[in-house]
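Engineer: Build me a model:
(one chain, ligands or ions: 1)
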Amino acid sequence: MASEPLTEARVPVGDSAWATALAQLDEVAELMGLAPGVHETLRSPKRALIVAIPFRRDDGSTKVVQGYRVHHNVTRGPAKGGIRYYPGVDLDEVKALAMWMTWKCAIVNIPFGGAKGGVSVDPKHLSRAELERMTRRYASEILPLIGPERDIPAPDMNTNEEIMSWIMDTYSINKGYSVPGVVTGKPVAIGGSRGRSGATSRGVMYMTFSILKQLGVPVEEASIAIQGYGKVGGFAAQLLHDSGCRVVAVSDVAGGLYREKGLDPEAINRYKRESGTVVGFPGADPISNEDLLEVECDVLIPAAIEGVITAKNADQVKARMIVEAANGPITFEGDKILNDRGVFVIPDILANSGGVTVSYFEWVQDLQAYFWSEEMINARLKEIMDGAFKEVLKLHESKGLTMRQAAHWIGVGRVAEAHLTRGLFP
Ligand code: NAD
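Structural biologist: Numbering: from 1, shown residues only. You can find the predicted model right below:
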């Protein structure tokens, strides 16, 4: 038989998260000479579920929103990945986030594959009771995919410990017994792990220290700008401030703040608790989210959404270093420009892997029903992240790759090795 392609590959172009994720994979596959069959397998998610989520509003009416759960790859273990509630979330975005989870778990060498979930909704417009009903219905709809041995969700944008409790409860009620290991990032009272809520931010701090050391900037002299003042960005600001860095700019979806002498995250947290936003915080200059990416600083930490640094604004970034706390904040083209300009980027799949690493610790503790101290968790997290950073840096230096290419090389390489070791069924 002629070896004609059975299907035409659809090559997405542009700045979407899925286009970025595929372009990153294709680039590293070529660099490392990945076997074409494995490359093609890794380009597609293993399975994807689209669900309609009808739920009752407080006024008695019914609203239907759309939800997704994607398993990109489960060759190295159960699928692992967060659930986000965000208006406009679509299948391609969730596919990209699931693919990045696969590489992330492999880079820190934890025995998980990659997954992600999303619901296209703005939870700000729901009451707490509506949020609970919608979450429980979404959990019920994705029930066939999840479970401690198949797929373990966690928090992401606009989801939190309470939402994880409702998912754990919905799953457990269906089983007839408590299954704490079905989600991570849940409260300690029901089998959550100490240190999980701050783990992503703590990992971002470790990576920031590593990059500052690498570039010879003392921590106390470093200036930092952080886009996104949520679970990850807000606590990272606090940790970095407490370590002696000067946090000069922060923002949330409504806008940002700038103060050259440095901002006090504790005071901002107090203000935000009252007002619901960082905008309007007294004693700082207002800036837009676009301006935040271009402020003078040593380290820029995007900690909000995908695709904020593109070919259009990459040449305006003043920071010498970028630590990607968010998933996919830099597009493929934007990344090339930053690299040409000598900006040192710690990629998302390494920089924000602290969250999934402590999620792994939580899952292990749940399965063993034996819980660890916070000191032990933070120490093990640091050991794993520092080890992963060293491995990526070594490959970056020895092969002349960018840090992102090196991280992908390691992540994709481990997944490919697992595929080749298991063989192709049937
Ligand atoms: P979150 O919902 O707690 O916070 C998100 C923050 O980003 C908020 O301050 C929000 O106002 C801001 N934001 C939202 N849309 C924005 C926009 N268009 N422009 C500027 N700011 C905007 O979410 P989070 O859990 O902190 O997640 C932030 C990022 O980190 C996401 O990319 C997520 O995938 C990634 N991440 C999170 C975790 C985790 O453990 N939560 C782990 C790894 C990666």
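Engineer: Could I get the contacting residues of whichever residue of the chain sits closest to the ligand?
Structural biologist: Closest contact between the chain and the ligand, by Cβ to the nearest ligand atom, is at residue 230 (1.7 Å). In short, each C-beta sits where N, CA and C put it, glycine included. Contact partners of residue 230, counting by Cβ atoms under 8 Å, 6 or more residues apart in numbering, are 157, 252, 303-304.
Engineer: Next, it: phi, psi?
Structural biologist: Backbone torsions of residue 230, given as degrees, to the nearest 10, read phi -100, psi -140.
Engineer: got the contacts of residue 230 as JSON lines, with neighbour count columns?
Structural biologist: Putting those into JSON lines (neighbours: other Cβ atoms under 10 Å) gives the following:
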{"residue": "157", "neighbour count": "20"}
{"residue": "252", "neighbour count": "20"}
{"residue": "303", "neighbour count": "28"}
{"residue": "304", "neighbour count": "22"}
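Engineer: need those in CSV with secondary structure, can you?
Structural biologist: Shown next, in CSV, are those (DSSP: H, G, I helix; E, B strand; the rest coil):
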residue, secondary structure
157, coil
252, strand
303, coil
304, coil
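Engineer: ok, which of those also contact the ligand?
Structural biologist: Residues of those in contact with the ligand (Cβ under 6 Å from any ligand atom): 157, 252, 303-304.
Engineer: Looking at those, point me to the pair that's furthest apart.
Structural biologist: Across these, the longest distance by Cβ to Cβ is 11.7 Å; it joins 157 and 252.
Engineer: and the protein, which residues reach the ligand?
Structural biologist: Residues of the chain lying near the ligand by Cβ under 6 Å from any ligand atom: 155-158, 200, 227-233, 251-253, 289, 303-305, 325-327, 352, 355.
Engineer: Give the bridge partners for the closest residue to residue 229 other than its chain neighbours, please.
Structural biologist: In this structure, residue 229 finds its nearest non-sequential neighbour in residue 252, 4.5 Å apart by Cβ to Cβ, 6 or more residues apart in numbering. Per DSSP bridges, the residues bridged to residue 252 are residue 255.
Engineer: Go ahead and confirm residue 252 touches residue 232.
Structural biologist: No - using Cβ atoms under 8 Å, residue 252 is not in contact with residue 232, being 12.0 Å away.
Engineer: Could you name the specific helix or strand carrying residue 166?
Structural biologist: With secondary structure defined by DSSP states H and E, residue 166 is part of helix 161-175.
Engineer: Which strands and helices lie in contact with that helix?
Structural biologist: Secondary-structure packing of helix 161-175 (3 or more Cβ pairs under 8 Å, 6 or more residues apart in numbering; DSSP states H and E): helix 128-141, strand 151-155.
Engineer: Looking at those, which is nearest to residue 406?
Structural biologist: strand 151-155 (25.8 Å).
Engineer: Can you name the residues in contact with the closest one?
Structural biologist: Against strand 151-155 from outside (Cβ under 8 Å, 6+ apart): 69, 71, 74, 78-83, 112, 115, 117, 145-146, 161, 163-164, 167, 181-185, 231, 355-356, 359, 363.
Engineer: and that strand, what's its mean pLDDT?
Structural biologist: The average pLDDT within strand 151-155 is 98.
Engineer: angle of it against helix 161-175?
Structural biologist: Angle, strand 151-155 to helix 161-175, by axes from the mean of the first three to the mean of the last three Cα atoms, to 10 degrees: 150 degrees.
Engineer: angle of strand 151-155 against helix 128-141?
Structural biologist: Angle, strand 151-155 to helix 128-141, by the same axes, to 10 degrees: 160 degrees.
Engineer: For residue 226, list the residues it contacts.
Structural biologist: Counting by Cβ under 8 Å, 6+ apart, residue 226 touches 233, 236-237, 247, 249-251, 301, 303, 325.
Engineer: for those, which one is nearest residue 295?
Structural biologist: Nearest to residue 295, judged by Cβ to Cβ, of the contacts of residue 226 is residue 249 at 4.9 Å.
Engineer: Contacts only, for that closest one.
Structural biologist: Residue 249 is in contact with 225-226, 256-259, 263, 287, 292, 295, 297, counting by Cβ under 8 Å, 6+ apart.
Engineer: And what about it, helix, strand or coil?
Structural biologist: Residue 249 ends up strand, using three-state DSSP.
Engineer: which one is residue 248 nearest to, not counting chain neighbours?
Structural biologist: Sequence neighbours aside, residue 223 is the residue nearest to residue 248 in space, at 5.0 Å (criterion: Cβ to Cβ, 6+ apart).
Engineer: ugh, typo on my part, it should be residue 111
Structural biologist: Nearest residue to residue 111, sequence neighbours excluded (Cβ to Cβ, 6+ apart): residue 77, at 3.7 Å.
Engineer: would you say that neighbour is within a strand?
Structural biologist: No - using three-state DSSP, the assignment for residue 77 is coil, not a strand.
Engineer: Is it in contact with residue 113, as I believe?
Structural biologist: Yes - if you go by Cβ under 8 Å, residue 77 and residue 113 touch, sitting 5.9 Å apart.
Engineer: For those two, list the residues in contact with both.
Structural biologist: Jointly contacting residue 77 and residue 113 under the rule Cβ under 8 Å, 6+ apart are residue 105.
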